[in-house]
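Q: model this:
(2 chains)
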Amino acid sequence: MIRKSDETPIGRVVATELKPATPHQFHFWTATDTSIGIGAIVKVTSPGSRAPESGRIVYGVVTDGFAYSDLATPLHDVIGAEGDPAQAAERPTERPEIRLWTAAVLRQIPEEPLQPVPLGAVHVAGDADVAAALRMDAYLNTAQPTAIPVGLYESGGLEAPVYLDADFLLGPEAAHLNISGVSGLATKTSAVEFLLSSIFQHYPAHRGSVAAVCFNVKGPDLLFLDQAGSLDDADRRRYNRLGIAPGPFERVHYYAPFKADGVNLNTLRTHADLARTVEPLVWGLTEVLDFAEVLLNRDDIDAKADAFIDFLSDRVVRREFEDGFGGDHRVETFADLERLFRGIFDGLELAGRGDIWRTHHIATIRKVRNRLGNVSTRCKGLVTDDGPASDLPWGRFEDRGVYVIDVANVDPLGQDLVFARVVSKLREHLERRDLGVDAVVVFVDELNKYAPADGTDTYVKKMLLDISERGRYLGLVLFGAEQFRSQVHRRVVGNAGTQVFGRMDSDELATPGYQVLSAATKIKLATLPVVELMVRHPHFTQPIFVRFPRPSVLRGRDGVERFSPAADLPFADAVGLQLVRLDPRVRTNQVKDLIAGHDEVDVRRALAAVRRERPADALATFRKRLGVRVGSEPARERSSVHPLGPIAEEPY
Amino acid sequence: MNPGRGWLDDLYASGVTPASFLPDASLGRQHDPDDTTVPGAAEVEMVEGADLEAHPVAPRAAPAAVSFLDGVQQWKVIGYDGVQPIALAYVAAAVRRRGFDRRLVTAACASRTLVIAPAQALAEQRRGVLEAAGLEAMPVEVDSATQPAQALEALRREVHRARAGLERKLGEQAAQALDREAWLVVDGQLAVSATLAKHPRAVGVIKSHGAQFLSGRHLERALTIAAEHRSSVFRVRGGHGRTEVDSWYLRLWPWEGRDLHYGLIRVEAARDPDPGIRAPGISSWLLAERAPLAAPDTRFDRLLYPIHDVEAYLRSRAPHDLLAPLASRLPQTGT
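A: Numbers count the residues shown, from 1 in each chain, chains lettered A, B, ... in the order given. You can find the predicted model right below:
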């Protein structure tokens, strides 16, 4: 490890007519046993003609390497060995070899006038050189630094911390981060977890507070951020070098919708030791109606249906409303809405007023009723027919808090709804500056699915575009991840100020988006180890390879082994567990006795009410909300028109 | 040391007519006049049997430590004093040592930059200019009535001597510094230096065959030996090589279908009481030196790769502008 640049040159810049040195690229040779490799940062020094200090310093990153001997043609080797490869290995003299490297210029000092790289000595870069080469000195060594460690630049046993500029990572100068890489290596998730940890520890106080909202879209990836994971010595050394204290996140809040039974949470974090830490995510009509566009496809939402939904939203929901037929309504749930629709249809039929109600055709009303009525069925567990909602703590977000929303096992439609609503609410609150924090990092994996380059414009894609293009002014920052960057909407990836690449698929690297990278860099990208990344950042003129320590949280697959998910509980036990979570004094047997004979719908409604109110005595409130047991009534005989008597032969 | 161009301007100011002329063979010594022998000047004795015969040779690993000596010369005419040419010459020699890693590293290197001219062209004032620039002035005694072409030949010989002298000096130093098991291979005749010619582990490898010591049947047998064969050892006395040495021919590559000298080298080594025992060993490892091939050098069939390497090393260090034309050879407009 070095802190200071080694004064002994390791190479020399060379230039020929065919391979000249330019202001942006140069070539240098080194000894054959050099520690230099692709991605290494080097410093070229050239003493001035008048005084050494008047010379030029050029920093570059190695992008390609060549080795060759003085062999003019392979045939000469064959002839020399008389066609015998074994004999070639025994030749008395080894031909001289060259290690010729191509480097892209990172920075020139002085920056003006911009000139071709001088044919000077090449040195290995030290800590200060790396900081200067990557222009990190502008935000690292200032009165109010905004440096966020992203990893260690490592080359030949030497290493130096690399920092991102918070102003260009979380706004307002630039924002957003996009990470690409093949799936299955956990690089993308690990990198984001590490980076969030770094942000939480290094985001400068003068920039305000920050929180993260993470959508867990597959498996148990993000379900154990509050649990410590194992680190090896290399990881600890890297944490120490980066100035980050390893450890799990301290303020993690988990949210998951229910399963279809409405009482068991739809998540893998159901181990008895952890289940109490997961909050239900349940929405009702008022939460969903504004996002009807997410749930209903374009064929459903024509202009007329859209107008009727707007009418419901503006004039009906959460208001005292008279249907025009003498019925008074206050619509807060899907059940209330259904009662309104019935009132309208019955009223129109009885009044014989034709097919129009409040300028809306009955066919449009029937269509909207049908589609909205299906929402609670299609998103069962997330959207409730009846009862109050359970939502994220809007307005009470904690500084350095992580809010994980587990939608891994939710129907794709439900995932879209969750994503659209959460992001919309974040934007609303950030615009009003009443979220509780100044900036929020939203981590979305699988951008290939949510913001594909081709396909129809979905509501979610539009939202992601909106965040990408305008989020930085609000403090709404998108950390997106995907397997194939080329297949994500170009404005989503293009607006990401910081681009991170893990190990890439060779086919992906062959796409036009990677043409700026040299063949050697692509090869390196295709073989990157799990803990190494290539980073592009507005301050860096060339991509830089960095290694980061593994996140000090429990990996998803390790988490489910240590905290194996519990089986679904019977209805009564699940209700009991929910109440125990709210009030530890509650006994499951008490709950079982209480709900015996009650309809499950009533029990869920009462449970939801307790969850919303969070009373001191949960059982008492639950009992109160549940009400008295209503005995079953025998079905009444349906009144019907008496049949006509037998038809007489005489009709008159 | 880079003398710059100021001295040249001063030289021209003193009355020298500017010129830029590369004489034939100025880049090398393909036509080495010393490489011919005066008939009857050298005496030859067969020392490995009474008759010259061909002996098969099998390639064998070379000694662990072998040094290789070679030199280069470059020169050009830079002006005329009247009709007498004035030349700028660069001569250099190097010893490159091959160790256990089979790679060559420089053990010794020396060079000279000379201005060679007929003595009358190097007057006191001009010598002062050259000395001030750090250049060696080397006057050549030629008659003022000498034809320019003959004067040019005299300069060429002087360049050659300077190069050979440098090689000899470096070779003798290297030979004296050799370890007990180390060998020295010299590109050219060993006999030019008494020190080298008497050294038990110095070997001269001669690629050009202008100097022939054999005649008649022996010559025919020597020049037509098959690939991977050597001739019997013969002892050479006198001639321009003033020291007695043992010598033999060795064919590296088949010559049939090519020319008579293809792949043929002549080896010189110090006189040995039992040359028939030493020659097979030296021949075996010299045969192994066929690889790597010294191509694309046109003399690759006889040029050992390490010698080629020493040449490449010396040329890479030679002043790059020595041979650059000072002016276009096209006539100036209006002349």
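Q: How far does the helix or strand of chain A with the lowest mean pLDDT sit from its chain's centre?
A: Here the helix or strand of chain A ranked lowest by mean pLDDT, DSSP states H and E is helix A:292-295, holding a mean of 73. Here helix A:292-295 is found 22 Å from its chain centre; the criterion is C-alpha atoms, centre = their mean, to the nearest Å.
Q: For it, give me every contacting residue.
A: A:288, A:301, A:309, A:371-372, A:375, A:378-379, A:413, A:416-417, A:420-421, A:458-460 (C-beta atoms under 8 Å, 6 or more residues apart in numbering or on different chains). (Each C-beta comes from the backbone N, C-alpha and C, glycine too.)
Q: most surrounded residue in the residues you listed?
A: Neighbour counts for these (other C-beta atoms under 10 Å in any protein chain shown) peak at A:Leu417, which has 28 neighbours.
Q: Check the spacing between that residue and A:Val263 real quick.
A: Counting by C-beta to C-beta, to the nearest Å, the separation of A:Leu417 from A:Val263 is 21 Å.
Q: List the contacts of the residue in chain A that chain B sits nearest to.
A: Closest residue of chain A to chain B, C-beta to the nearest C-beta: A:Gly80 (3.6 Å). Contact partners of A:Gly80, counting by C-beta under 8 Å, 6+ apart, are A:88, A:91, B:290-293.
Q: now, which of these lie within helices?
A: A:Ala88 (DSSP state H).
Q: Quick one, which of the contacts of A:Gly80 has the minimum pLDDT?
A: Within the contacts of A:Gly80, A:Ala88 has the lowest pLDDT, namely 81.
Q: my guess is it meets A:His76, correct?
A: No: applying C-beta atoms under 8 Å as the test, A:Ala88 and A:His76 come out as separate, 10.9 Å apart.
Q: quick one: which of these two has more around it?
A: Remark: of A:Ala88 and A:His76, A:His76 carries more neighbours, 19 against 15, as counted by other C-beta under 10 Å.
Q: give me the low-pLDDT residue ranges for chain A?
A: The model of chain A has pLDDT under 70 over residues A:1-6, A:48-54, A:297-301, A:353, A:386-388, A:628-652.
Q: which helix is the longest one in it?
A: Per DSSP H, chain A has its longest helix at helix A:412-432.
Q: in stretch A:23-43, what counts as buried?
A: For stretch A:23-43, the neighbour count (16 or more other C-beta atoms under 10 Å in any protein chain shown) marks A:24-30, A:34, A:36, A:38-43 as buried.
Q: What is the most widely separated pair among these?
A: A:His24 and A:Thr34 (23.0 Å; C-beta to C-beta).
Q: CA atoms only for the least confident helix or strand of chain A, dumped as PDB, please.
A: C-alpha atoms of helix A:292-295 as PDB (Å, rounded to 0.1, in the frame of the first residue of the first chain):
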ATOM      1  CA  ALA A 292     -56.200   3.800 -11.400                       C
ATOM      2  CA  GLU A 293     -54.100   4.300 -14.500                       C
ATOM      3  CA  VAL A 294     -51.500   1.900 -13.100                       C
ATOM      4  CA  LEU A 295     -54.100  -0.800 -12.500                       C
END
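Q: just checking, what packs against the helix or strand following it?
A: Going down the chain from helix A:292-295, the next helix or strand is helix A:303-311, by DSSP states H and E. Judged by 3 or more C-beta pairs under 8 Å, 6 or more residues apart in numbering or on different chains; DSSP states H and E, helix A:303-311 is in contact with strand A:360-361, helix A:362-378.
Q: Could you provide those in a markdown table, with additional columns for distance to chain B?
A: Formatted as a markdown table, the helices and strands packed on helix A:303-311 follow (distance: least, C-beta to the nearest C-beta, whole Å):
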| stretch | distance to chain B |
| --- | --- |
| strand A:360-361 | 90 |
| helix A:362-378 | 74 |
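Q: List, one by one, the residues from the stretch 51-200 of chain B near chain A.
A: B:61-62, B:66, B:98, B:101-104 (C-beta under 8 Å from any C-beta of the partner chain).
Q: Can you say which of those are buried?
A: For these, buried by 16+ other C-beta under 10 Å: B:62, B:66, B:98, B:103-104.
Q: how about the helices in chain B?
A: Counting by DSSP H, the helices of chain B are B:6-13, B:124-132, B:148-176, B:194-198, B:216-223, B:275-288, B:305-317.
Q: What are the buried residues along the fourth one?
A: Pointing back at helix B:194-198 there. For helix B:194-198, by 16+ other C-beta under 10 Å, it's B:195-197.
Q: any residues touching it, and which ones?
A: In contact with helix B:194-198 (C-beta under 8 Å, 6+ apart) are residues B:168, B:171-172, B:175-176, B:184, B:186, B:190-191, B:202, B:204, B:241-245, B:268, B:270-271.
Q: Buried only: go through these for me.
A: Buried among those by 16+ other C-beta under 10 Å: B:168, B:171-172, B:175, B:184, B:186, B:190-191, B:202, B:204, B:241, B:243-245, B:268, B:270-271.
Q: Quick one: distance of stretch B:219-230 to the chain centre.
A: Centre to centre, stretch against its chain (C-alpha atoms, centre = their mean), the figure for stretch B:219-230 is 24 Å.
Q: packing partners for the helix or strand of chain B with the lowest mean pLDDT?
A: When the helices and strands of chain B are scored by mean pLDDT, DSSP H and E, strand B:17-21 comes last with a mean of 83. With contacts taken as 3+ C-beta pairs under 8 Å, 6+ apart, strand B:17-21 sits against strand B:66-81.
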